[in-house]
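Asker: Here is my input; please provide its structure:
(chains A, B and C)
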Amino acid sequence: MKRTSDGLLFAVDLLGTFVFAVEGALIAVAGNLDFLGVLVLSFVTASGGGIIRDLLIGAVPPTSIRDRRYALAAFAGAVLVIFLYQFVRQVPTSLIIGLDAAGLGLFAVAGTAKALDYEIDPFIAVLLGTITGVGGGTVRDILLARIPAVLQVDVYAVAALAGAAVMVLGIKAGMPRSTMMVSGGIVCFLLRIVSVWQHWNLPKVLVSQVS
Amino acid sequence: MKRTSDGLLFAVDLLGTFVFAVEGALIAVAGNLDFLGVLVLSFVTASGGGIIRDLLIGAVPPTSIRDRRYALAAFAGAVLVIFLYQFVRQVPTSLIIGLDAAGLGLFAVAGTAKALDYEIDPFIAVLLGTITGVGGGTVRDILLARIPAVLQVDVYAVAALAGAAVMVLGIKAGMPRSTMMVSGGIVCFLLRIVSVWQHWNLPKVLVSQVS
Amino acid sequence: MKRTSDGLLFAVDLLGTFVFAVEGALIAVAGNLDFLGVLVLSFVTASGGGIIRDLLIGAVPPTSIRDRRYALAAFAGAVLVIFLYQFVRQVPTSLIIGLDAAGLGLFAVAGTAKALDYEIDPFIAVLLGTITGVGGGTVRDILLARIPAVLQVDVYAVAALAGAAVMVLGIKAGMPRSTMMVSGGIVCFLLRIVSVWQHWNLPKVLVSQVS
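Answerer: The predicted model follows:
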């Protein structure tokens, strides 16, 4: 079982953790949680997806439990929001969406790669990559007693799913893994950005129409 | 650590997965989730109980992560509901309750058997069999930000518990394991059906009465 | 990997399990759950934190799955509340808070010790000790579709965090482990008691003030 431990990937992974943590902290503040709640939601949003993936593939302790730098990156995001809330909240939404889309793409392909490293079936690896991307936000919403946004609105998990699927299909077609990781991440990022820009939503089963 | 890998049991297990997935999809549609949400709730309802059991007994990756056919059975249930919603919703409630009771009995005894295979204490194995039966629906309700129905109403988890307990007690009394799996499944099925038919509910502690 | 298996610690651990179970049962009754729901919430409140810790450090099956006495202690708490509700509810709140604070301190230091036994980084071990103390109540609140109280109000998780941190810092400074476990437990207990007595709360980020 080799590990995805490229130095650049690690640095980018920490950055993604930080971005997700800032988002979690902003939501915690908006949800009227106390300082501890802000720290918890930052960590959960940033690390929850990776922890679920690691538990499911049997990579225990999960990366963010084994390596303290993930928790430190998450808490740095929380502390930034706590002490500089009036500045952070003025960051343009478009920048946050862009950073979040980049983090989503990164987590999705990194999660898929790790699942493949653990010899998980490629189809399931795509699902696990998606969970890596959206799992943290899902647990955060559960802690806030809300239906996870990812189940209801937006092309969000689908972007992660598409990026992970492109990556796996390309690898199966014989393309180099690193090329497909970058390609999958870009697909996820672009699909997410375009869907926000074009107000795309997934269709629903029309209950009233058919009755 | 031998595994419960009988061919017939596997086929029936996939069928139970499909039935639970259809139920999860119907609830997702009623809850106004989008297509992705329907897929997620189908998978969670069908596989959540088994995944929790496998994590707790240390059987990682869990069966439904290791073997893609479980996810495919769950997604088949979701796709059926998405594309044939107007037909599926006209299936008589009694048939759905019957299939669900059969799936509950199957999951409860199969989960108990797997826990025993992993040398879990028989008393705890009964609890894990029950979790296998009701865990998926519980996680589904958590994702919908609802108090899990299983905690509030109906003889549902108790039917699973009774079936698992009958199975373990029979094995302890020297009966053949396969006989007791069938017997436990039937006890669960009948108890569930009769309780629906007779409108049985579990008692509650009467808070007002004693004050 | 040695285990924390001191006889006295085990007895105290079972007692803490029982106390947390009684609290979970009282909340279940107040939440109008049926008998099964009371049993489930007792077990979850008492064992949830330890189970999450054990899953994260890779100690599977978790202690309370491996050893039936934890489940029996939890169910004893539930049965006590079910059959003697009118007496249990008349127990003075101050006694319940005191017992709960003692259980919190015990779980926090025992959880930290177990994480250290599994060679988890000390900083993360403090977080895992805190999770051991507050995780059960958090899962219980999730099952009740409530925002976990621990994220919103009170000096509760912070008391567990402080106790765990004192323990780890003392051990790092060369103090005997048993001394620091007792010291950490006392710090947690006192901080919790004093914060209830003085109505301390954690600060929040003032959203309105800065807008």
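
Asker: mind listing the helices for chain A?
Answerer: Per DSSP state H, chain A carries helices over the ranges A:7-30, A:35-57, A:63-66, A:68-83, A:85-88, A:93-117, A:122-143, A:149-152, A:157-172, A:177-197, A:207-210.

Asker: is chain C contacted by the fourth one?
Answerer: Translated: helix A:68-83. Yes: using CB under 8 Å from any CB of the partner chain, we find that helix A:68-83 touches chain C at A:68, A:71, A:81-82. C-beta here means a position set from N, CA and C on the backbone, and glycine is covered the same way.

Asker: So which elements touch that helix?
Answerer: helix A:7-30, helix A:35-57, helix A:63-66, helix C:122-143 (3 or more CB pairs under 8 Å, 6 or more residues apart in numbering or on different chains; DSSP states H and E).

Asker: got the buried residues for the second one?
Answerer: Going back to what we said before, that points to helix A:35-57. Neighbour-count burial for helix A:35-57, counted by 16 or more other CB atoms under 10 Å in any protein chain shown, picks out A:35-57.

Asker: Tell me the residues on chain A that lie near chain C, please.
Answerer: Looking at chain C, the residues of chain A close enough under CB under 8 Å from any CB are A:28-38, A:40-41, A:51, A:55, A:60-62, A:65-68, A:71, A:81-82, A:85-86, A:89, A:142-145.

Asker: thinking again about what came up before, any chance of the residues of helix A:68-83 next to chain C in CSV, with pLDDT and neighbour count too?
Answerer: Formatted as CSV, the residues of helix A:68-83 next to chain C follow (pLDDT from 0 to 100; neighbours: other CB atoms under 10 Å in any protein chain shown):
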residue, pLDDT, neighbour count
A:R68, 96, 16
A:A71, 96, 22
A:V81, 94, 26
A:I82, 93, 20
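
Asker: now these in CSV, with distance to A:G135?
Answerer: Formatted as CSV, those follow (distance: CB to CB, whole Å):
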residue, distance to A:G135
A:R68, 21
A:A71, 17
A:V81, 21
A:I82, 24
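
Asker: Spit out the contact partners of the residue positioned nearest the centre of chain A.
Answerer: The structure's chain A has its C-alpha centroid closest to A:G133; by CA atoms, centre = their mean the separation is 2.7 Å. By CB atoms under 8 Å, 6 or more residues apart in numbering or on different chains, the residues touching A:G133 are A:49, A:104-105, A:107-108, A:111, A:157, A:160, A:164, A:188.

Asker: what about 7 Å?
Answerer: Neighbouring residues of A:G133 by CB atoms under 7 Å, 6 or more residues apart in numbering or on different chains: A:49, A:104, A:107-108, A:111, A:160.

Asker: if I look at it, how far off is chain B?
Answerer: Remark: distance between A:G133 and chain B (CB to the nearest CB, to the nearest Å) = 13 Å.

Asker: next one: A:R53
Answerer: Applying CB to the nearest CB, the value for A:R53 to chain B is 10 Å.

Asker: Could you count how many residues lie near the nearest residue to A:R177 once chain neighbours are set aside?
Answerer: Nearest non-adjacent residue to A:R177, counting by CB to CB, 6 or more residues apart in numbering or on different chains: A:I171, 5.7 Å away. Residue crowding around A:I171 was assessed by other CB atoms under 10 Å in any protein chain shown; the count is 20.

Asker: Get me the contact residues on chain A for chain B.
Answerer: Contacts of chain A with chain B, taken as CB under 7 Å from any CB of the partner chain, map to A:55-58, A:120-121, A:123-124, A:127, A:142, A:145-148, A:151-152, A:157-158, A:201-205, A:207, A:210.

Asker: any idea which helix or strand of chain A has the worst average confidence?
Answerer: Lowest on mean pLDDT, DSSP states H and E among the helices and strands of chain A sits helix A:207-210, with a mean of 53.

Asker: how near is A:Y70 to A:G77?
Answerer: According to CB to CB, to the nearest Å, A:Y70 stands 11 Å off from A:G77.

Asker: next one: A:G170
Answerer: Per CB to CB, A:G170 is found 32 Å from A:G77.

Asker: Which one's more surrounded, those two?
Answerer: More crowded of A:G170 and A:G77, by other CB under 10 Å: A:G77, with 27 against 18.

Asker: Return the set of buried residues in stretch A:78-87.
Answerer: A:78-82, A:85.

Asker: Dump those into JSON lines; add distance to B:V12 as well.
Answerer: Formatted as JSON lines, the buried residues of stretch A:78-87 follow (distance: CB to CB, whole Å):
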{"residue": "A:A78", "distance to B:V12": "48"}
{"residue": "A:V79", "distance to B:V12": "53"}
{"residue": "A:L80", "distance to B:V12": "53"}
{"residue": "A:V81", "distance to B:V12": "51"}
{"residue": "A:I82", "distance to B:V12": "53"}
{"residue": "A:Y85", "distance to B:V12": "55"}
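
Asker: OK, contacts around A:I131?
Answerer: Applying CB under 7 Å, 6+ apart to A:I131 gives the contacts A:49, A:52-53, A:111.

Asker: Comparing the helices and strands packed on helix A:68-83 by mean pLDDT, which bottoms out?
Answerer: Comparing mean pLDDT across those, the weakest is helix A:7-30, with a mean of 90.

Asker: report the angle between the axes of that helix and helix A:35-57?
Answerer: 130 degrees (axes from the mean of the first three to the mean of the last three CA atoms, to 10 degrees).

Asker: still on that earlier bit, and B:S94, which of the helices of chain A is closest to it?
Answerer: Among the helices of chain A, helix A:207-210 comes nearest to B:S94, with 21.7 Å by CB to CB.

Asker: which ones are touching the spatially closest residue to A:T112 that is not a sequence neighbour?
Answerer: Nearest non-adjacent residue to A:T112, counting by CB to CB, 6+ apart: A:G129, 3.1 Å away. Counting by CB under 7 Å, 6+ apart, A:G129 touches A:108-109, A:111-112, A:115, A:160, A:164.
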